[in-house]
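*Asks:* Sharing a model prediction with you, sequence too.
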Amino acid sequence: MNGFEPRAGFVVQAYRFALDPNAGQERALRSHCGAARAAYNWAVSWVTACWWQRRAEQSYGVAEEQLTPWRSWSLPALRKAFNTVKHTDPRFAGWWADNSSSRTGGT
């Protein structure tokens, strides 16, 4: 660890593990990584779309109080919005259930 100094009295311990998945496990890992990336990309685009909309409205001279409201990018807000979208958006509806946390035992 370059430049890392633990505080006095603390011990730093690390482990390194190698994954050796079989073919089925590798497919599942790749699918879950892709799902995580798709959810992240959706969240970024959902928030930035609002930002661009507000910029466009401002360029047309729309008053501040009449601009499209900001979208919250807090985890609860993003989770609530994505839980609605993932069942209806054709980008997710066909395959998202294969990667959902309820199917994999997560939360």
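*Replies:* Done, it's in.

*Asks:* From now on I want contacts and neighbour counts done on CA atoms only, so please keep to that.
*Replies:* Will do.

*Asks:* Could you list the low-pLDDT ranges of the protein?
*Replies:* 1, 101-107 (pLDDT under 70).

*Asks:* Could you list every helix and strand in contact with the host helix or strand of residue 38?
*Replies:* For residue 38, the host element (DSSP states H and E) is helix 23-59. Secondary-structure packing of helix 23-59 (3 or more CA pairs under 8 Å, 6 or more residues apart in numbering; DSSP states H and E): helix 75-88.

*Asks:* So which elements touch the helix it packs on?
*Replies:* Contacts defined by 3+ CA pairs under 8 Å, 6+ apart place helix 75-88 against helix 23-59, helix 90-93.

*Asks:* Taking helix 75-88 as reference, get the angle to the longest one.
*Replies:* In this case it means helix 23-59. 110 degrees (axes from the mean of the first three to the mean of the last three CA atoms, to 10 degrees).

*Asks:* can you give me the offset of helix 23-59 from its chain's centre?
*Replies:* Its chain's C-alpha centre and that of helix 23-59 lie 6 Å apart, by CA atoms, centre = their mean, to the nearest Å.

*Asks:* what does stretch 75-95 give?
*Replies:* Computed by CA atoms, centre = their mean, the chain-centroid distance of stretch 75-95 equals 11 Å.

*Asks:* before we move on, what about stretch 6-19?
*Replies:* Computed by CA atoms, centre = their mean, the chain-centroid distance of stretch 6-19 equals 27 Å.

*Asks:* Can you pull up the most central residue in this protein?
*Replies:* residue 40 (2.9 Å; CA atoms, centre = their mean).
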